[in-house]
Every structure is written in structure tokens, then in C-alpha cells.
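A.B. asks: Provided below are the primary sequence and the corresponding predicted coordinates.
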2 protein chains.
Amino acid sequence: MKLEERLQDRTQWTTAGRCPVERAMGLVGSRNAMLAMREAFYGTTRFDDFAERVGMSPATTSSNLKALTEAGLLERRPYREAGTRTRDEYVLTEAGVDLMPVVLALFAWGSRHAGETPGVDVVHAGCGEAVEVRATCAGGHQLESDDVELRVRSR
Amino acid sequence: MKLEERLQDRTQWTTAGRCPVERAMGLVGSRNAMLAMREAFYGTTRFDDFAERVGMSPATTSSNLKALTEAGLLERRPYREAGTRTRDEYVLTEAGVDLMPVVLALFAWGSRHAGETPGVDVVHAGCGEAVEVRATCAGGHQLESDDVELRVRSR
């Protein structure tokens, strides 16, 4: 990554407390929160299924689903099965769906660099090729790490 | 995301302990580890600079840089300034550089969904357009969330 000339002396600026990476990690930066989001992408919506598949106690499941709901990544939706009381399930919001590149990027990185992987792949449903997560720009260019630059916001 | 037919009954399979997302979060899934990686992308290499810019105590800086080095994202490189003893700095490995899509995806998500953002943008150095992180496939297709499918690995 490059830094714009005005940013090259890193002792002269900080994004502490306001960095988007820091804020995002504050909301989804724990194992349990990220795996709950993975489960939501896999189609999990119900409390007991989040608990079982992520491996969380009921109390931890409750606090994580509450935090993800308050952060706007999940929303509660009531459902009722015959003969039981109404409960809430948790469905992805637009902001939640928007996190998918983060989860897919972690999946891709973990598959390459973090040891033994499970017997599943994430692929393009249409053509079957492996999913990759790449930096591109709004101008349509594919970017390598040296093509990315941090700049002072102009607006 | 879609699930292949054999995976649709989520009570019948688990990736617990071997999920690439879980493994990746085990290595870089804390605020401090992820912000240390952000700093490495910004060009930070020295112990005191990681501590200052991430906001970590010396002990926390030490444990995070050690863990990231052992996980293969950073490597130590000796340096010496005139009149001082030789010290180590920490530089990105190939696996470390490979994490950039994760950090950029968190930056992009946090900028859109996590409140006030700092006065910096990540752009394509060549054309100045904002960096986006997108799921694509090895076949060159850009993917929306519904185009992504989880399948049993065939090999």
C-alpha cells in the first residue's frame, strides 16, 4: 500500500477511534460474532442453531445475537411453530449481507494460510470456479497491493 | 449464499475447528492483531510505532507481534541505527500481504456501516477511484451474494 505524500510521516496523523477497520472489528471482531455471521450466510436463522453450529453457550449466543442486531447486521423476525409460543429468528439485513466480502476473504485467506481445511469449498454457483476476493476500484481495475493508496479525503 | 444439496441439512455436518474463517479469526481475529496488520500495510515496521499507532502497551505489542510472526504474517528483520544496539523490525510476509483483502474489506464495510469515518480514503493509486473489495471467481465473473455456493470439496 502507498501513502499519499501528506500522510507519509505517520507520527503526524492518526485515525485512532475512527478508523473503519477498528470500528468494524469493534462490531464483528470476535470469533463468535464472525462465526455467527458465517452461519447467517449459510442460512442459519434460529437461536438454537446459532448456538449449536458456532459452539456457544445460550448466554453467549444471546449476547452475540443481541450485539449483531443492535449493530444492524441482523434483524429479528417473529416466527411460530404449531403448538409453541412465538419466537424470534435472526435474518441478515442489507448491512449484514454487505459483510460477506469480509467473511469470504477470511475463508480464502484461512484456506491458503491457516492449516488443514474442511472438505468444503466456496464456489461460483454458475460456473463452479473457486471464489476469490479481490480489491478492485470503481473504475473497474483489478488491484495488487502496490496499486492501493491511502489519501486524505477530498470531500 | 447457496448450499449444495448435500449440505442443506445443517444438522448433518459441521466445520467446527477446521473452518478457514474460524482459523483465520484465531490468528488475526482481535482488534489489536488486525490493527497491527493495518499498520504493517501502512508501512509501519518498528515496535514503538506499532505500539503508538495501534494504542497498545509494550507487553501487548510484544505478544501481538510475536503471535503474528509465529503465524507467518510478519517476519523479523534486524536493523541498527547509528549508536544503538541491533533491534528487529517486523515486515510483511507473502501470507501477510495476502491478508490485505480482509483489511480492505473491513475498511470498506466500516466506512459504509460503522459510523463516522476518518478523513482518509483508500483509492486506486492509478486512477483515484475508491477501492472496493468484491467476490469474483477464477473464471472472471463478478459475484453477488446469491451467486456464491458452498459445496463439498471434490478433490
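C.D. replies: Structure's in. What do you need? Numbers count the residues shown, from 1 in each chain, chains lettered A, B, ... in the order given.

A.B. asks: residue farthest from the centroid of chain A?
C.D. replies: A:G83 (35.8 Å; CA atoms, centre = their mean).

A.B. asks: tell me which element that residue is part of?
C.D. replies: For A:G83, there is no host helix or strand (DSSP states H and E).

A.B. asks: how about it, phi and psi?
C.D. replies: In terms of degrees, to the nearest 10, the main-chain angles of A:G83 are phi 80, psi 0.

A.B. asks: low-confidence ranges, chain A, go.
C.D. replies: Counting by pLDDT under 70, chain A has low-confidence residues at A:155.

A.B. asks: helices of that one, start to end?
C.D. replies: A:20-28, A:31-42, A:47-54, A:58-70, A:94-97, A:100-113 (DSSP state H).

A.B. asks: residues contacting stretch A:75-85, please?
C.D. replies: Outside stretch A:75-85, the residues that touch it by CB atoms under 8 Å, 6 or more residues apart in numbering or on different chains are A:T45, A:T69, A:T86, A:R87, A:D88, A:E89, A:Y90, A:V91, A:T93. C-beta here means a position set from N, CA and C on the backbone, and glycine is covered the same way.

A.B. asks: may I have that stretch as CSV, with CA atoms only?
C.D. replies: Output of stretch A:75-85 as CSV, limited to C-alpha atoms (Å, rounded to 0.1, in the frame of the first residue of the first chain):
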residue,chain,number,x,y,z
GLU,A,75,-32.8,-8.2,12.4
ARG,A,76,-35.3,-10.1,14.5
ARG,A,77,-38.3,-11.6,12.8
PRO,A,78,-41.1,-13.4,14.7
TYR,A,79,-42.0,-17.0,13.8
ARG,A,80,-44.2,-19.6,15.3
GLU,A,81,-44.3,-23.3,15.0
ALA,A,82,-47.5,-25.2,15.6
GLY,A,83,-48.1,-25.6,19.3
THR,A,84,-45.3,-23.4,20.5
ARG,A,85,-45.0,-19.8,21.5
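
A.B. asks: picking up where we left off before, could I get the helices of chain A as a markdown table with mean neighbour count?
C.D. replies: Formatted as a markdown table, the helices of chain A follow (neighbours: other CB atoms under 10 Å in any protein chain shown):
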| stretch | mean neighbour count |
| --- | --- |
| helix A:20-28 | 24 |
| helix A:31-42 | 22 |
| helix A:47-54 | 19 |
| helix A:58-70 | 16 |
| helix A:94-97 | 16 |
| helix A:100-113 | 24 |
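
A.B. asks: of all the ones you listed, which lies closest to B:G26?
C.D. replies: helix A:31-42 (6.8 Å; CB to CB).

A.B. asks: centre of the chain to that closest one, how far?
C.D. replies: Computed by CA atoms, centre = their mean, to the nearest Å, the chain-centroid distance of helix A:31-42 equals 8 Å.

A.B. asks: A:T86: what's it in contact with?
C.D. replies: By CB under 8 Å, 6+ apart, the contact list for A:T86 reads A:P78, A:Y79, A:R80.

A.B. asks: from A:V152, how far out is the second one?
C.D. replies: So the one you mean is A:Y79. 48 Å (CB to CB, to the nearest Å).

A.B. asks: with the last one instead?
C.D. replies: Plainly put, A:R80 is 53 Å away from A:V152 if you go by CB to CB.

A.B. asks: touching chain B at all, stretch A:24-39?
C.D. replies: Yes: counting by CB under 8 Å from any CB of the partner chain, chain B has neighbours in stretch A:24-39: A:A24, A:M25, A:G26, A:L27, A:G29, A:S30, A:R31, A:M34, A:L35, A:R38.

A.B. asks: how far does that stretch sit from the chain's center?
C.D. replies: 6 Å.

A.B. asks: what's the end-to-end length of stretch A:81-101?
C.D. replies: 34 Å (CA to CA, to the nearest Å).

A.B. asks: neighbours around the nearest residue to A:G139 once chain neighbours are set aside, how many?
C.D. replies: Residue nearest to A:G139 in three dimensions, not counting chain neighbours: B:E129, with 4.0 Å by CB to CB, 6 or more residues apart in numbering or on different chains. Applying other CB atoms under 10 Å in any protein chain shown, we find 16 residues neighbouring B:E129.
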